[in-house]
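S.K.: I'll drop the sequence and a predicted model, then ask my questions.
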Amino acid sequence: QVQVVESGGGLAQAGGSLRLSCAVSGRIFSLGWFRQAPGSEREFVAAIRWNSGYAYYADTVQGRFTISRDNNQTTGYLQMDSLKPEDTADYYCAVQTMLRADLTIRERYEYWGQGTPVTVSS
């Protein structure tokens with residue numbers, strides 16, 4: 001059983017920054033961040049291959065968000081810069097416990113955190 005716990009959400013002004021953390025127990029192959037705004041589907045934000053550090057981003061956050069992991073490979077991060085009001089959503093961390101080709105489809109992730117809210121004011 002893998003546990004996934006997010007933290008770090010909160011309130012920021014447009015143009016500001018927030019950093020989300022995702023503590024992971026157990027062996028994983030990839031970690032992804034998704035977000036869900038009210039009335040919308042949960043969408044892919046970014047993902048990282050846990051061993052290689054390869055990162056992949058949605059077009060909407062490319063160049064503004066950075067996904068990373070610590071050297072002990074126990075915590076993943078999502079650094080969010082140049083925030084926009086449209087980034088407002090609940091953010092979820094999820095992990096893949098087997099090697100999968102696709103990083104962007106939420107059904108390919110086996111374990112999820114509880115979500116953390118991010119609100120960006122204009």
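M.R.: Good, I have the coordinates. Numbering: from 1, shown residues only.

S.K.: when you work out contacts or count neighbours from here on, use the C-alpha atoms and nothing else.
M.R.: OK.

S.K.: quick one: the strands in the chain?
M.R.: 3-7, 10-13, 18-25, 30-36, 43-49, 55-57, 65-69, 75-80, 89-96, 111-112, 116-121 (DSSP state E).

S.K.: can you list the strands that the first one pairs with?
M.R.: Just to be clear, that refers to strand 3-7. Neighbouring strands of strand 3-7 in its sheet, by DSSP bridges, are strand 18-25 (antiparallel).

S.K.: tell me the angle the partner strand makes with strand 116-121.
M.R.: Interaxial angle, strand 18-25 versus strand 116-121 (axes from the mean of the first three to the mean of the last three C-alpha atoms, to 10 degrees): 170 degrees.

S.K.: just how off-centre is strand 18-25 within its chain?
M.R.: Distance, stretch centre to chain centre, for strand 18-25: 8 Å (C-alpha atoms, centre = their mean, to the nearest Å).

S.K.: need the contact partners of the lowest-mean-pLDDT helix or strand in the chain.
M.R.: Lowest mean confidence among the helices and strands of the chain (mean pLDDT, DSSP states H and E): strand 3-7, at a mean of 95. Here strand 3-7 makes contact (C-alpha atoms under 8 Å, 6 or more residues apart in numbering) with 20-26, 92-95, 111-116.

S.K.: kindly report the same for stretch 46-58.
M.R.: 28-34, 44-45, 67-69, 73, 103-104.

S.K.: do stretch 26-37 as well
M.R.: 1-3, 42-51, 76, 78, 88-99, 103-104, 106.
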